[in-house]
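Novice: structure for this input, please:
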Amino acid sequence: NPDGVSPDDVVADEESGNFFWESSKAKIIAKEVLTSSVVTPDSEGKHGGFFVPWGWVIALGLVNFIIIHVAAARQLAMQIVQRSWRIIRQVVWDLPIAIWRYPTVREVRQSRPVRMILRHFWSPFLISVLVLGAMVLIQGTPLFVLQWGWAIWAVLTLAYNTPWGWLLQDRIAEMISDWWRVVRVNLIPGLIATILDLFQWMGNWIERRLYAVDEWLRFRGGDSRSSVVIKAILGFIWFPIAYITRFAFYLLIEPQINPIKHFPVVTVSHKMLLPLVLTANPNHDLSMFGEVLSSQVGLSIPQANFWAFWIVAAIPGVFGFIAWELLANWRLYRANRADRLRPVEIGSHGETLRGLLRPGFHSGTVPKLYRKLRHAKPEQLGQIQRELEHVRETVHRFLDRELLHLLRYQPDWSDIPVGIRELRLGCLSLRFELWAPNLGTVPLTVAIECHDAKIEAVIDQQGWLKELPERQSAVLIAALRGVLDMAAVETIHGRERSEHPVPHTTGLNNLAQRMSWKEWVDRWNVAPVAVHTTPGYSS
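Specialist: Below you'll find the predicted structure:
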């Protein structure tokens with residue numbers, strides 16, 4: 001028919017037997033009124049729904065993937081952002097400030113006519129503009145705004161230049177200044193501190209209640225057998241309750257209602273996850289995550305959408321908790337971090353290199369193994385040799401991680417394959433050879449040994465180091481300095497290592513200077529390059 005009515009649009013009244021239907025035009029009007037994003041033949045081009053093309057989504061995803069996983073892309077992106085910011089700053093801030101401070105402009109600003117205009121007419125003009133803007137917003141007619149605008153400006157100008165007007169201006173300026181100082185210095189920091197204290201009090205209150213139950217369920221001397229049995233049963237029931245309570249409060253509830261954690265982290269997570277659980281008709285259409293629950297658990301459409309929404313709505317709290325804890329832990333770590341490199345754990349039992357080589361009650365892993373090897377029975381030799389091999393592998397991993405990895409990622413070493421060809425463990429010493437086939441056939445040999453209860457390093461053989469260019473040599477010396485610090489080396493060629501630069505020293509003599517944390521980080525922050533490994537090198 002001309003109205004385009006289908007059989008599905010016809011409704012029958014059971015009492016009267018009459019038939020009713022709506023025309024397509026009526027439907028279109030209703031949809032335009034109730035759903036502004038619906039695209040209809042009449043509304044197309046006026047206000048339609050906006051959908052991001054899949055090509056844009058895939059391209060943006062690929063760009064983000066490359067930036068996350070490719071260091072050169074991250075560096076390029078940072079350079080683009082920095083240069084764009086410089087351009088925007090120059091246009092928006094630097095250029096206007098330069099014009100404002102230009103001598104000619106300064107002379108004009110400080111001239112007597114301009115100062116008189118600014119002093120007597122500028123403030124009333126700004127207030128009049130604000131009032132006229134408010135009139136425009138409330139649909140004032142141009143004639144009305146023009147007439148009352150002149151009147152408002154004239155009245156304000158007269159009032160502004162009277163003695164009581166000057167007094168009123170000073171009082172208002174003083175009140176605004178005091179108010180802004182209170183807001184900036186007291187209100188905002190005080191409000192943040194109050195919110196943090198409130199949620200810390202809530203956490204402590206919950207912990208005290210949980211601890212009270214744990215204390216009551218604790219076993220004590222003199223308890224009867226029946227009391228012990230009852231506490232054991234109740235403790236078995238109470239443990240998951242306490243665990244779920246802590247998990248729900250700290251990861252799901254507190255980050256959601258704490259505005260300090262919610263706005264910077266949880267809100268962003270919600271924006272990313274909530275599209276998975278939103279649907280136009282929750283009672284009839286499954287959301288993306290609701291479809292998963294419905295297919296896996298067998299829930300109905302309303303139930304699947306309900307649980308999908310609340311599960312996904314609670315998950316961003318976990319991100320808020322993790323981000324907050326990582327930030328707090330990093331600040332604590334940075335506040336307690338030493339200014340220079342400290343000895344690191346190398347052995348599988350937490351030993352430093354000093355602990356591996358220097359004999360002692362809680363150290364001397366390698367000397368103890370060699371002592372066992374000398375007195376071992378034939379059936380014990382294999383086990384002790386495997387333990388020595390394990391120690392050798394841990395030392396090799398340490399050198400590969402802290403020395404070779406730094407060299408491979410330096411631009412000056414990008415075309416020079418380098419590796420450890422041989423690493424030997426002695427009773428109180430270790431010796432390793434650095435091979436670089438492109439530089440020569442004679443390796444660079446470094447020996448570290450325990451001598452008079454001190455860890456001493458010696459360059460037994462310089463090898464290809466003699467032919468190394470100055471820039472590459474400086475990188476190698478810096479890497480060796482950091483490794484010696486982390487290996488707890490105290491002396492180099494019999495000379496005590498110092499935190500201060502050694503005057504009039506070059507080349508290997510610089511190994512006597514300890515590496516500061518800032519210098520070590522700067523070495524690692526050099527733009528990485530493609531890694532070249534040398535096949536066939538092993539420990």
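Novice: need the contact partners of the strand or helix carrying residue 389.
Specialist: Taking DSSP states H and E as the criterion, residue 389 maps to helix 381-399. For helix 381-399, the external contacting residues (C-beta atoms under 8 Å, 6 or more residues apart in numbering) are 344, 346-348, 353, 356, 365-366, 369-370, 372-373, 376, 420, 423, 425, 430, 432, 483, 486-487, 539. Bear in mind the C-beta positions are built from the backbone N, C-alpha and C, glycine included.
Novice: quick check on those residues: which are buried?
Specialist: 346-347, 353, 356, 365-366, 369-370, 420, 423, 425, 430, 432, 483, 486-487, 539 (16 or more other C-beta atoms under 10 Å).
Novice: sort out for me which of those residues are in helices.
Specialist: Counting by DSSP state H, these place 353, 356, 365, 366, 369, 370, 483, 486 in helices.
Novice: from residue 376, how far off is the nearest residue to the second one once chain neighbours are set aside?
Specialist: In other words, residue 356. Once flanking residues are discounted, residue 356 sits nearest to residue 365: 4.9 Å by C-beta to C-beta, 6 or more residues apart in numbering. For residue 365, the distance to residue 376 equals 16 Å [C-beta to C-beta, to the nearest Å].
Novice: same question, residue 392
Specialist: 18 Å.
Novice: over to residue 117?
Specialist: 100 Å.
Novice: kindly report the same for residue 197.
Specialist: In terms of C-beta to C-beta, residue 197 sits 63 Å off from residue 376.
Novice: try residue 218
Specialist: 48 Å.
Novice: where's residue 437 relative to residue 443, distance?
Specialist: With C-beta to C-beta as the criterion, residue 437 and residue 443 are 10 Å apart.
Novice: looking at the two, which is more packed in?
Specialist: Remark: of residue 437 and residue 443, residue 443 carries more neighbours, 22 against 16, as counted by other C-beta atoms under 10 Å.
Novice: so residue 144 makes contact with residue 136?
Specialist: No - the pair residue 144 and residue 136 fails to qualify as a contact (C-beta atoms under 8 Å) at a distance of 10.2 Å.
Novice: pLDDT wise, what is the residue nearest to residue 341 when sequence neighbours are not counted at?
Specialist: Closest residue in space to residue 341, ignoring its immediate chain neighbours: residue 485 at 3.8 Å, by C-beta to C-beta, 6+ apart. At residue 485, the model reports a pLDDT of 93.
Novice: what is the burial count for residue 485?
Specialist: 23.
Novice: in this structure it contacts residue 340, no?
Specialist: Yes - using C-beta under 8 Å, residue 485 is in contact with residue 340, at 6.8 Å.
Novice: what do those two both touch?
Specialist: 514, 515.
Novice: helices along the stretch 251-400 of the chain, start to end?
Specialist: Using DSSP state H, counting those that start in this stretch, the helices found in the stretch 251-400 of the chain span residues 254-257, 259-261, 267-273, 288-297, 301-314, 316-336, 353-357, 365-374, 381-399.
Novice: what is the second one packed up against?
Specialist: Of the remaining helices and strands, those touching helix 259-261 by 3 or more C-beta pairs under 8 Å, 6 or more residues apart in numbering; DSSP states H and E are helix 188-216, helix 316-336.
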